[in-house]
Structure formats: structure tokens, C-alpha cells
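Trainee: have a look at this fold, sequence not included:
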């Protein structure tokens, strides 16, 4: 947690020399707390104060990068327990586990399947982040061969799963310095694994089952061996246990500022479950409640797609809702005489209205005005969705070039603007539609 | 050197109200069993710092007319019982539902426009077919809701049926009917903490006890506003646990209705192959909407697919298994 202005002030010289450009040390402290100035602006700050301020500015959950280049995954650095308190910043990386006991062609086909998987939602491309390769064969040469084969196929990051340090080293040699997550250092092998993490500049997972004290000790040990990018595995696998321990770890980091466990967490929702149905439900839990890296045993688009949609939902900034592009949208293949409805570009508004229009089966035109991502009532209240804006959108998107009538349906919630809109759009019929999207199908039945 | 780890625990001062749906013969109804929800003194499933005396439960939605607008995945799963609400209710009970949620869809003025007498007959036939507690929804049109729900309330006095929905523009008639006939109400508000609270206040101002008001914060399906209701529910639950008496109502989410309205569940033609197998995808859509809202405080999830019942109940059990 960051320090308050007053806490920072106590560490400053308190001479009010003004050389930093601020009238008092307290004013400077306030600016520091708001991260609007750098500490270096103060020429007289002590080394001790510098160290304390630096320590306080370290994020409570470390940001850990897995992989390199465009496809790298950044996890951690979360600052809240509940997304409404601010937002969740770094969505968990989703990895699909593949074993080196698969036949090589089968393995390579699976790698390609994960690599090529891509799905669009709300105009954003979503996909799986990478693969986790497990040394199930127990053979170092085989593991290295499979890792090399995967590296040749994909740029996405890896998680490498092996308990034997020699096998891990040989596999890491095949990754071209692409910083895979090494899984995992345990009480038995942490020295060797920490050396490998340093040697290959790769993040390291530490695992201690059922004992946060042992996990903290292990994390401190690998840290003292020079590894900074650490991911935690508290060993829990069942729904209740993972919810409890992941909640506790998030609270320890954020509420207690407990540094030894201030790292992202890796989970394996398929390890305690045979069925894909159970795995997807537990993976969904881990997306909402507090995983940084999720390793799935199954790859099925019918499960991956809902998980990606959920991850997008949960990690949307509540203060910056996803918007859709303003424009004239076609629903159900409209013709020039099909009805024209107008609403805002707030994604939820858009999807509610578009979904209902689509569900009604009635071919329609949907005019989406740029209300800066606000809903109908909020946009109207803020002057972002008024008669002027609607009239402007009608012209901007060449509505009359597409339709043959002059009737426009406005949301029932803003029926008060129909008079003004008549003035803005001379010769048009302004029709007041339902207040709620759900009533649109009924309304459209009566439209002619 | 072992490192001492002190787990931070929340000390909540509030508790969610316990609400019992249904009444047995001894209690003035005819139900074979009742269902009690609420009573939590901790966030969902965090039993290490509080109590969850009543695990969340599952209701299955049935309708009083053949649901021709439903996804064929659902229609195939249910088969012939869709034509007969009583048979449908019996089947839903066999699938393990805790509550039957009957929607009087045929009363819709744009549909069959059936009358209050028809609604009463339907509810009586469903009460006879199942021993489970009931939720009864009107068609979702204020005047028609009032007409059919009042008649149903009067014809089933003492059954402690949850009548839905009460909304800010239309709650008085339904609340009065619940009050006079020993039923409960569902207070539905549009994804907003303050409006939810305000509606609870308005309803309790009519002297309906707070342990007869369920709160429906309005469900958004996965991919269609789930995150809004998720956060509103977390805020409502935290407010209730912090001691705000007017947000301590158990929450009900109409998951099935929303999840099965999405394109992902309804459509299999012309959709991207990346969406995967239709049936598995649509079942996952309902299951993930339900289990995610359980994480944010749902006490009752109303589902549509028979297989979702066992799946969600097993999830609840595994989330409480220590």
C-alpha cells in the first residue's frame, strides 16, 4: 500500500526550503502521495527516507511477466479484493496442459490448436495465452524434445512442469530465453530451481502444500537466492480450499502488506476433477477469485469460450465500460423499409437492445449514437444522448442512404426529447419505443 | 526459519435474513417440505470466518404454456412435459430442484392472454403435482401481473409462495396480496444498490415483514452484463454484512432466463466455430452464469436446463466442503 501524504512528510527534511518547487514539505509530500512528482525533486532527502519510500511504493502483489515479446503474459499487481473498489488490472493467464507422453504429432497438433484458437467478443479478440508442458515421461531428453517442438510452433509463453532440475534445465535450454514459468520449486529442489530461474531469467513457481507459513518461507528462500519473479502454488485443488486460500493470500498481500506472499497465484482446476464440466466451473471460480495463472487440463472451445467471456467481464474496468463503435447496424438482414431504432454505444445497452431486436426476428436497423459509453438515461442526463446527438448520428451515418422512410424509434426512457427531435429532424416521425429492451420484440410486432 | 503468517479475518456485524419459502400442513400450507435461505454472516462460502446455515438453493423454471421460444437444447432435454405444467413440475422435482419457479407466461396480453381463473387452476395443479415450495411469476406486465398474482395469492392462502416481481412502479398490489394471504414477494430492481435498497424500504413500509422479501438485483448473463450484477451483488452483500438492515435480504437470480436468451445458447447456425459444440457451450453458459453469481452472493438461482441442477448443487456442496 502507498503511504499517505502525512506519512511521507514525516520522512522529509521538514525545512520548507521550497527548492522542490512547492511551498512546504507537506505540500511536496501530498504531491508525492498522489504520484504527481518524483522524490528526486527534493535535494536534501536522506538515504534512509529514500529506502523507506521506495519500499512503500513496491506493489503489494508483484507484477510477474511470463514469456517475452508481444505474446507475453503479465499477472499480479492487483490492488483490490473486489472489482467495484477500483478494478482488477491483470487478467489471469489461461494455459492448456500438454504432456510429453503424447505421440509427437498429436502433441504438435494440440499445440497448433491452442495457438490458433481465437474468438471475438465486443470487438476484442480473445484467445488462450499459452501451453503448460509437463514432463510426464520423467525423461529429460524427451521433455527437451517436446519443448523444442512446441517452441518451433508457437510464440506464446510456456509453463514448464517438472520436478527434476536436470530435466528442467535441458527444457529451458530449448526456450531461447523466452522466460517460461518454471513449475515448481519445492522444499526439496528450491536451490537448483532458483539457480535455473536466475540462469534463464525466468519466473519461478514455488509450491508448498497446505501451509502458508512454509510457502512464505520457500518464497523468501528463492528470493534470497536472487529470484524476484515468483508465482505461488499453495497446493489447494478443491473448490472450497482454493477459494479460502486464494482469498487469504489476496488479503495478506493487500490488507496486511505481507511481502513474503505478495505474488500472483497459479491454479490447476482440473487436477482434482476428472470431468471437463467440473474443471470449467472451478476455472471460472479462479477467474473471479483470485488466480494469476490457470492451467487447464482440457481444451474444448465450448468451455474455453465461456471462460474467456467471463474473464473479459470480470476484468472490465467498472469505471470504463466497454463501448461499441457508433454506426448504423443491420440486424436480421433489414431492407430499406425496415424499422429504425436508436440507442447508445454503451456495450451493455447495445447488447441488450441488439439481442432483443435479433431475438424478435424482425429485420431492423439499429442506429448507435456516440454517447461516450453511457447508458440511455445517464447519457441523456449528461447531454451525450440528446436530440442534437441523435440528429447528428442520423446524418453522420447516412441513414437516409439506407432506408426509405423517415421514422425513428427512440428509447422510452427518453420520451421527453421527442419534441426537440422533431425540430432537429424536420419531416421525421419520432416514435417512442419501450422503456426496457425486453419489451422491444412486442413493440416491433406492432411497428409498421 | 518458519515465517509466522497471521490470516486477516473479517468481523462482520450484520447477518443476512433467513427467509422460508413454502409452508407445510402444520404451518398452514400443503408443502411436503419448506426451503430456508439466507442467514449468512460471512461472504459466500468463506466459512472460516462466519456461518452459512443455509446453502444456496436451485429453482427450476417451468411455464404454463409450451415455451416455443426456448432453445431446442432445452426443449429436447425436457421433452413432452413442456406441454403440461403439472407434469413439468413433477419432472423438475425428480431432477433435484429445491423450488419450482412457475412463470404464468400464457397470461401475456401479446400471447394467449389467459385470465386469472386460468392462472389459479394452473397454480393449483402445480401445487398438487409437487411437494416443493413455489415461486410464481406473472407475465411481466404490470396490470396483468397484478390481475393474475392477486387471484393466485388469494386462492393459495398460507402457502408462502414467493410472488414476483415487485418493481418500483408496481409493487403495492402484489405486496398487499402477499400480506393478506401469508405469501412472500420478490423485489426486483435494475442492477443498482440504492434502488434495491429503496424498494425493500418501500415494501417494508407497507408492513410486510423483511423476512418475506427476496431481492432480485436483475441478472445479466455471462457476456451480457454479468459483471454489473456481479459487482452490485457484492456491494449489496457487503453492505448487509456491514449492518445495513435494508440490504440483508437473500438474493435470487433468474439465471436460466438470461443465459438461455443469449445468442450463444439459442443459435447454432452461422456462429463461429470457436464457439464450440452448441449443447456443451450453452450448458456451460448457464452453469458459469450461475456459479459466478453464487460467488457474489446469490441465495437462489433459477435455472432452466435439467442437468444444470445437479451441476450447480454439486458446485455449492464442493464450495462448502472443508
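Mentor: Structure's in. What do you need? Just so we're clear, the structure is a prediction, and the values are computed from it rather than from any experiment. Numbers count the residues shown, from 1 in each chain, chains lettered A, B, ... in the order given.

Trainee: mind listing what residue B:310 touches?
Mentor: Residue B:310 makes contacts with B:95, B:96, as judged by Cβ atoms under 8 Å, 6 or more residues apart in numbering or on different chains. Every residue, glycine included, has its C-beta placed from N, CA and C.

Trainee: now the helices: where do they sit in the stretch 151-300 of chain A?
Mentor: All helices of the stretch 151-300 of chain A, identified by DSSP state H, counting those that start in this stretch, fall at A:165-172, A:190-199, A:212-224, A:239-254, A:276-288.

Trainee: the stretch 101-250 of chain B now?
Mentor: Along the stretch 101-250 of chain B, counting by DSSP H, counting those that start in this stretch, helices occupy B:116-129, B:142-155, B:172-181, B:193-205, B:226-242.

Trainee: mean pLDDT and mean neighbour count added to the helices of the stretch 151-300 of chain A, as JSON lines?
Mentor: JSON lines is the format used below for these (pLDDT from 0 to 100; neighbours: other Cβ atoms under 10 Å in any protein chain shown):
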{"stretch": "helix A:165-172", "mean pLDDT": "97", "mean neighbour count": "22"}
{"stretch": "helix A:190-199", "mean pLDDT": "97", "mean neighbour count": "19"}
{"stretch": "helix A:212-224", "mean pLDDT": "97", "mean neighbour count": "20"}
{"stretch": "helix A:239-254", "mean pLDDT": "97", "mean neighbour count": "22"}
{"stretch": "helix A:276-288", "mean pLDDT": "97", "mean neighbour count": "24"}
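
Trainee: CSV for those, including distance to residue A:120?
Mentor: Formatted as CSV, the helices of the stretch 151-300 of chain A follow (distance: least, Cβ to Cβ, whole Å):
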stretch, distance to residue A:120
helix A:165-172, 34
helix A:190-199, 36
helix A:212-224, 39
helix A:239-254, 30
helix A:276-288, 19
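
Trainee: nearest to residue B:9, of those helices?
Mentor: helix A:239-254 (8.6 Å; Cβ to Cβ).

Trainee: packing partners for that closest one?
Mentor: In this structure, helix A:239-254 packs against helix A:212-224, helix A:276-288, helix B:306-320, with contacts taken as 3 or more Cβ pairs under 8 Å, 6 or more residues apart in numbering or on different chains; DSSP states H and E.

Trainee: quick one, phi/psi of the residue of the stretch 151-300 of chain B found nearest chain A?
Mentor: Using Cβ to the nearest Cβ, the single residue of the stretch 151-300 of chain B nearest to chain A is residue B:276, 3.0 Å away. Comment: the main-chain dihedrals of residue B:276 come out as phi 80, psi -180, following degrees, to the nearest 10.

Trainee: low-confidence stretches in chain B?
Mentor: Within chain B, the stretches with pLDDT under 70 are B:1.

Trainee: go again with 50.
Mentor: Scanning chain B for pLDDT under 50 picks out nothing.

Trainee: what is the neighbour count of the residue nearest to residue A:335 when sequence neighbours are not counted?
Mentor: Take residue A:335 and drop its neighbours on the chain: the residue closest to it by Cβ to Cβ, 6 or more residues apart in numbering or on different chains is residue A:363, 6.3 Å away. Residue crowding around residue A:363 was assessed by other Cβ atoms under 10 Å in any protein chain shown; the count is 16.

Trainee: show me what contacts the closest residue to residue B:139 other than its chain neighbours?
Mentor: The spatially closest residue to residue B:139, leaving aside those adjacent along the chain, is residue B:108, at 3.9 Å (Cβ to Cβ, 6+ apart). Counting by Cβ under 8 Å, 6+ apart, residue B:108 makes contact with B:139, B:140, B:141, B:144.

Trainee: burial count for the third one?
Mentor: The criterion is other Cβ under 10 Å. On that basis, residue B:141 has 17 neighbouring residues.

Trainee: could you do the second one as well?
Mentor: Applying other Cβ under 10 Å, we find 19 residues neighbouring residue B:140.

Trainee: do the same with the one 3 residues further on
Mentor: Burial measure for residue B:143: 11 neighbouring residues, criterion other Cβ under 10 Å.

Trainee: give me the distance between it and chain A.
Mentor: Look at residue B:143 and chain A: by Cβ to the nearest Cβ, to the nearest Å, they are 14 Å apart.
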